[in-house]
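> need a structure here:
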Amino acid sequence: MGHLDVVGVGHTLPDGRQLLRDVSFRVGEGAKVALVGPNGAGKTTLLRMIAGDAPVPVGAISGSGELGVMRQFIGAVADDRTLADLALSLAPPAVRAAGQRLAKAEVELATGTEPAQLAYAEALAGWGEAGGYDAEVTFDTVSVALLGQEWEQAQHRPVRTLSGGEQKRFALELLLHGPAEVLLLDEPDNYLDVPGKRWLEQRLTSSRKSVLYVSHDRELLARTADRVVTVEGGSAWTHAGGFASWHQARADRHDRLDEARRRWDEEHAKLRAQLLMYKQKAAYNSDMASRYQAAQTRLRKFEAAGPPPPRPRDQEIEVKLTGGRTGKRAVICERLALTGLTRPFDLELWYGDRVAVLGGNGTGKSHLLQLLGRGGSDPAGDALIDLPPVAHEGSARLGARVRPGHFSQLHHRPDLQDRALTEILSRGDDHRPGMPRHDAIRALGRYELAAAADQRFGLLSGGQQARFLILLLELSGATLLLLDEPTDNLDLASAEALEAGLSGFAGTVVAVTHDRWFTRSFGRFLLLRADGTVIEVPEPVWGT
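Purely as a prediction, here's the structure:
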């Protein structure tokens, strides 16, 4: 088994702000350590430095054992990569390099030249020496277990043909079955349905590997974390217990920091008062000069050491989802069937409904939201959202004055990727007016995004992107919110702020979610089953 040591690590952003300072913690052999903290606090940056994707400008990172890494958006692959490409990207470096050489040699082999044949033979030998055949056994085991296909057939399948949850589970199984002794997992539970999250909980607790992972799912944290490393206020601290006692440990730590600062302020005031007293006495008594100089030295050393670290500031996120009055019936579905996904079903949603859409991965939940976001079966009007068409039969209609707003689980917004947040808000679009820069900064401040005002959307953390997309929904004037896994990348404070915002929203909310805590705030539950049936259930159902 391997271990990981992070000692005194720091990181400064390109704009000069210090994101991390003096971060130190250890992941012991076989330990399951959770990395938590507010969105944008530096968790993903820290994982990137540990993984070797980014330099370590200050401090040191060391350890033993091979490293396996799953990055945050593994469940958002939408390009032409195949499962073979994904599997190689998660393989050990030697296997990955040998696989790339072999793939190149296979392409050149088509020329039929003798040099190409020799190069292929060498690449094939290198593949075996690097452990490629052992890796293929793992690839095949995972492929058969998850996809019901042998690796020979599945390896050429495009990754985008798998749902986000299937992509995530495929990657996790490869890493958990693979040779890496230390795993870095960034949001491993994102895109997983509840049975998938329960599977992950069992696999993590039963694995002998050392695991450092980022998650905001409180139930997953409570069931799997041996220790909790909290990144906040620019640094990090470790709670040696599990997540069940973490909240109290954090509150106690904040109290200690407040007390330490109070004592420092009192001692500082005392030393300054002594200095002033000796200064006054030394003015008319030369015997006091030495005491005055000693008091100066004590104060100078005390101030040079500096005060204790301040208590991290709590996030103050304010979501102002307003909405507006619509017709009584917000959504009407008649004999609606999503092609290849569901059987025909009827559904009526009324103004003010809060509907949680439940079901396993690949049952059509996101497709349903996408169809409604387009305006249903017969979209019309400039208020509707430009989303890909959804093959279906039957009809889905929106009621009078219903204006949809859509939140994508994958944060797929190529139109925003290279634009600064203030530019996006200032220019507006077809669904919301532009605003002056000072109003844009004020709006970003309500979402704890003011410091990132001039950053490009594509450079934000997953949680920051999610908050900004919710802000765009707020400004759009939508009266029907279609939320696809909105809490996946949100930290606890952000998720609670979203729930508070939804409670005051004058309109209808339809949310696809696998967040067991978030689901409890809804009043209606629509279940899409694996057999294609769609029914309403009186309470959340997590199976299929």
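> what about the residue nearest to V534 when sequence neighbours are not counted, how many neighbours?
In this structure, V534 finds its nearest non-sequential neighbour in F345, 3.9 Å apart by C-beta to C-beta, 6 or more residues apart in numbering. In this view, the C-beta of every residue, glycine as well, is placed from N, C-alpha and C. Other residues within reach of F345, judged by other C-beta atoms under 10 Å, total 20.
> I'd guessed T224 sits against L185; true?
No - between T224 and L185 there is no contact under C-beta atoms under 8 Å: 10.7 Å.
> Please tell me the pLDDT value assigned to the residue nearest the centre of the chain.
Most central in the chain under C-alpha atoms, centre = their mean is N489, positioned 3.5 Å from the mean C-alpha point. If you check N489, the pLDDT there is 82.
> Please look at it and L469 and confirm they touch.
No - with contact defined as C-beta under 8 Å, N489 does not count as touching L469 (9.9 Å).
> Find the residues that touch each one of those two.
H411 (C-beta atoms under 8 Å, 6 or more residues apart in numbering).
> For R26, what is the enclosing helix or strand?
Using DSSP states H and E, R26 sits in strand 18-27.
> So which bits of that strand are buried?
By neighbour count with 16 or more other C-beta atoms under 10 Å, strand 18-27 contains the buried residues 19-21, 23-25, 27.
> Dump those to a markdown table, plus pLDDT.
A markdown table is the format used below for the buried residues of strand 18-27 (pLDDT from 0 to 100):
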| residue | pLDDT |
| --- | --- |
| L19 | 90 |
| L20 | 92 |
| R21 | 90 |
| V23 | 94 |
| S24 | 95 |
| F25 | 96 |
| V27 | 96 |
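> which of these lies closest to G501?
Taking C-beta to C-beta as the measure, G501 lies nearest L19 of those, at 27.5 Å.
> Quickly run through the sheet partners of the strand holding R26, with directions.
strand 3-12 (antiparallel) (DSSP bridges).
> Now the strand it pairs with: buried residues?
For strand 3-12, using 16+ other C-beta under 10 Å, the buried residues are 3-4, 6, 9-11.
> tell me the contacts of R298?
By C-beta under 8 Å, 6+ apart, the neighbours of R298 are 271, 274.
> Over to C333?
Counting by C-beta under 8 Å, 6+ apart, C333 makes contact with 345-348, 394-397.
> Would you mind checking those residues for buried ones?
By 16+ other C-beta under 10 Å, the contacts of C333 give 345, 396-397 as buried.
> Redo those as TSV? Include secondary structure.
As requested, the buried ones among the contacts of C333 are arranged in TSV below (DSSP: H, G, I helix; E, B strand; the rest coil):
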residue	secondary structure
F345	strand
A396	strand
R397	strand
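> Make JSON lines out of those residues and add distance to D353.
Below are the buried ones among the contacts of C333 laid out as JSON lines (distance: C-beta to C-beta, whole Å):
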{"residue": "F345", "distance to D353": "16"}
{"residue": "A396", "distance to D353": "15"}
{"residue": "R397", "distance to D353": "15"}
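> just curious, which of those is nearest to R516?
F345 (24.5 Å).
> close enough to count as contact, the residue nearest to V534 and A337?
Yes - contact between F345 and A337 holds when scored by C-beta under 8 Å: they sit 7.4 Å apart.
> who's in contact with the helix or strand that D140 is a member of?
Taking DSSP H and E as the criterion, D140 maps to helix 132-147. Helix 132-147 has contacts (C-beta under 8 Å, 6+ apart) with 83-84, 87, 91-92, 95, 98-99, 102, 127, 149-152, 154-155, 157, 166, 169-170, 173-174, 177-179.
> Show the subsequent helix or strand relative to it.
Next along the chain after helix 132-147, taking DSSP H and E as the criterion, comes helix 151-154.
> Return the set of buried residues in that next one.
Buried-residue list, helix 151-154, by 16+ other C-beta under 10 Å: 151, 154.
> now it, how far from the chain's geometric center?
Offset of helix 151-154 from its chain centre (C-alpha atoms, centre = their mean, to the nearest Å): 31 Å.
> neighbours around M277, how many?
Residues within reach of M277, counting by other C-beta under 10 Å, total 14.
> how far away is it from R291?
Counting by C-beta to C-beta, to the nearest Å, the gap from M277 to R291 is 9 Å.
> quick one, domains of this structure?
With domains defined by automatic domain parsing, the chain comprises 1-79+178-234, 82-157, 248-305, 329-537.
> how about the ones you listed in JSON lines, adding distance to A240?
Shown next, in JSON lines, are the domains of the chain (distance: least, C-beta to C-beta, whole Å):
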{"stretch": "domain 1-79+178-234", "distance to A240": "6"}
{"stretch": "domain 82-157", "distance to A240": "31"}
{"stretch": "domain 248-305", "distance to A240": "9"}
{"stretch": "domain 329-537", "distance to A240": "21"}
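> I'd like to know which of those lies nearest to E316.
So among these, domain 329-537 is nearest, using C-beta to C-beta, at 7.2 Å.
> Where does the prediction get shaky in the chain?
Residues of the chain that meet the criterion pLDDT under 70 lie in 73-79, 381-383, 543-544.
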